[in-house]
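Peer 1: What follows is a predicted structure for the sequence shown.
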Amino acid sequence: MILFNNPLWSRSYSDIDILVEASQATSTYQFFVYDLDFSIIGSSSEQKAYPILFQHYAPLLSKNEIGVDMHHRLTQESDGYHMNYERIFRDMQRRFFSDTIQLPIPSLEDILLNLCYHQFQHEYITHIPLNLSF
């Protein structure tokens with residue numbers, strides 16, 4: 001599925017966003033750091049503040065400089081709008097990328113809702129041409 005008209009790698013702010021259930025967030029984050037050898041971006045005080053103040057843990061960076069934001073929620077605690085994560089996880093569909101790799105993918109409606117919220121949250125002023133054909 002392609003959401004942007006330009007290639008993913010041409011966007012300067014491209015990264016991988018992963019949504020995990022809050023109960024699994026810490027162990028998943030530690031898996032990226034200790035088992036997959038991702039680096040944590042930011043100071044130790046920022047690392048502690050991220051999961052409390054924001055909707056994701058401190059950003060991670062692979063050896064190949066691929067950025068990962070691991071979300072334990074999609075909205076911030078201070079926001080007036082919150083998403084129903086139980087429904088998001090329930091409605092996910094498993095997509096097979098090979099015989100051994102399968103990933104749960106949010107519904108198209110949840111992807112679009114998150115995209116709109118993300119655009120609002122970052123206060124994007126410039127128009128990003130979207131290709132919403134799936």
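Peer 2: Arrived safely.
Peer 1: Shouldn't D17 be within a strand?
Peer 2: Yes: checked against DSSP: H, G, I helix; E, B strand; the rest coil, D17 lies within a strand.
Peer 1: what helix or strand is the spatially closest residue to it that is not a sequence neighbour on?
Peer 2: Leaving aside its sequence neighbours, D17 sits nearest to D69 (CB to CB, 6 or more residues apart in numbering; 4.9 Å). Bear in mind the C-beta positions are built from the backbone N, C-alpha and C, glycine included. With elements taken from DSSP states H and E, the one containing D69 is strand 67-71.
Peer 1: ok, now how distant is Y34 from Q121?
Peer 2: 30 Å (CB to CB, to the nearest Å).
Peer 1: now swap in S23 and tell me
Peer 2: With the distance defined as CB to CB, S23 ends up 24 Å from Q121.
Peer 1: Among the two, which residue is more densely surrounded?
Peer 2: Q121 (14 against 8; other CB atoms under 10 Å).
Peer 1: returning to that earlier point: looking just at contacts, which helices and strands does the strand holding D69 meet?
Peer 2: With contacts defined as 3 or more CB pairs under 8 Å, 6 or more residues apart in numbering; DSSP states H and E, strand 67-71 has these neighbours: strand 16-19, helix 25-30, strand 60-61.
Peer 1: What residues sit buried inside that strand?
Peer 2: By neighbour count on 16 or more other CB atoms under 10 Å, the buried set for strand 67-71 is 68-71.
Peer 1: Below-threshold pLDDT in this structure: ranges please.
Peer 2: Counting by pLDDT under 70, the chain has low-confidence residues at 1-14, 122-134.
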